[in-house]
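Undergrad: would you be able to build a 3D model of this:
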Amino acid sequence: MSTALKKDFLRIASVNVNGLRAAYKNGMAEWLEPREVDILCLQEVRAPDDIVRKLIGEGWHILHTEAEAKGRAGVAIASREEPTATRIGIGDSYFDTSGRWVEADFNVKNSAGETTTLSVVSAYVHSGEVGTPKQDDKFRFLDAMITRLPELAKHSDHALVVGDLNVGHTELDIKNWKGNVKRAGFLPEERAYFDRFLGEEIGWRDVHRGLAGNVAGPYTWWSQRGKAFDTDTGWRIDYHLATPDLAAAAFSAVVDRAPSWDTRFSDHAPLVVDYRL
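TA: Take a look at the predicted model:
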């Protein structure tokens, strides 16, 4: 039987690892070990299940789904406490083998000592490509999120969707937004979904933006081309989307940006948020 998480706050981290084997080869373990993460959500795992469990190691409960296409996608949730329930898939059977959505439920003690329920999702939205079936799949996945987010909000006391959602919501989220308005990742049609996620219709909150305020970035992904990392020409496409009460409980959000280009373990930086319920 699962026990409730016992810390007086929860630390939840999300990172697109761009291949878990390469990430561990390039220093991910050294980042993770001192970070005291309670729930770790991974995207673009791109590794078989036995390799995932071997790399992450003992002391974690691991939920992982591979993509049917080898070497593509893959998402995971690793937690220090055992989930009370787990689910794979967003609800549209078209994506059942895509390796893009996993859910885990937890019991969490709040400040009054009461047990509340928390649902956590690790999500990897398609990158898309304008005018191709890849973009069609991306819109279909975002449509499925429109359906699933309200269901999650009803399912648990608190709900959280984290991951690489591959859309910059506003002009603050992309350094060179003017040059990207016709490209996947910043299309008006994509951004309109986030208006719905975060507006009156669905009513969730962008936790990182709420804590950072109306500032440029803070970015979580940088192109491998040129000097994008060195000049901080980035995109903020990794999110913690939360139901309102959970978002209000967040008190710290940090992008663990590597000190230099050659010390990164992925082209994305981890987004680490602390919640005190």
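
Undergrad: buried residues in stretch 246-262?
TA: Going by neighbour count (16 or more other C-beta atoms under 10 Å), the buried part of stretch 246-262 is L246, A247, A249, A250, A253, V254, V255, R257, A258. For glycine as for every other residue, the C-beta is placed from the backbone atoms N, C-alpha and C.

Undergrad: and which of these is nearest G57?
TA: Sorting the buried residues of stretch 246-262 by how near they are to G57, with C-beta to C-beta, puts A258 at the top with 21.8 Å.

Undergrad: ok, and the closest non-adjacent residue to that closest one?
TA: For A258, the nearest residue in space outside its immediate sequence neighbours is R264; the separation is 4.2 Å by C-beta to C-beta, 6 or more residues apart in numbering.

Undergrad: repeat that for K175.
TA: The spatial neighbour of K175 that comes closest, neighbours along the chain excluded (C-beta to C-beta, 6+ apart), is T233 at 4.5 Å.

Undergrad: so what's the one you found up against?
TA: Contact analysis of T233 by C-beta atoms under 8 Å, 6 or more residues apart in numbering lists K175, N176, W222, S223, K227.

Undergrad: look up how far A212 lies from it.
TA: Look at T233 and A212: by C-beta to C-beta, to the nearest Å, they are 18 Å apart.

Undergrad: need phi/psi at Y94.
TA: For Y94, the backbone dihedrals (degrees, to the nearest 10) come out as phi -60, psi -30.

Undergrad: gap between the residue nearest to it when sequence neighbours are not counted and H126?
TA: By the measure of C-beta to C-beta, 6+ apart, the closest residue to Y94 outside its immediate chain neighbours is R140, 6.7 Å from it. As judged by C-beta to C-beta, R140 and H126 stand 9 Å apart.

Undergrad: before we move on, what about R205?
TA: From R205 over to H126 the distance is 23 Å, taken as C-beta to C-beta.

Undergrad: which SSE is immediately downstream of the longest helix along the chain?
TA: In the chain, ranked by residue count with DSSP state H as the criterion, the top helix is helix 133-155. Toward the C-terminal end, the helix or strand that comes next after helix 133-155 (DSSP states H and E) is strand 158-164.

Undergrad: distance from the next helix-or-strand element following that following strand to the middle of the chain?
TA: Next helix or strand after strand 158-164 toward the C-terminus (DSSP H and E): helix 188-198. Helix 188-198 has its average C-alpha position 17 Å from the chain's average C-alpha position, going by C-alpha atoms, centre = their mean, to the nearest Å.

Undergrad: repeat that for stretch 56-68.
TA: When distances are taken as C-alpha atoms, centre = their mean, stretch 56-68 is centred 15 Å away from the chain's centroid.

Undergrad: fine by me, we can end here.
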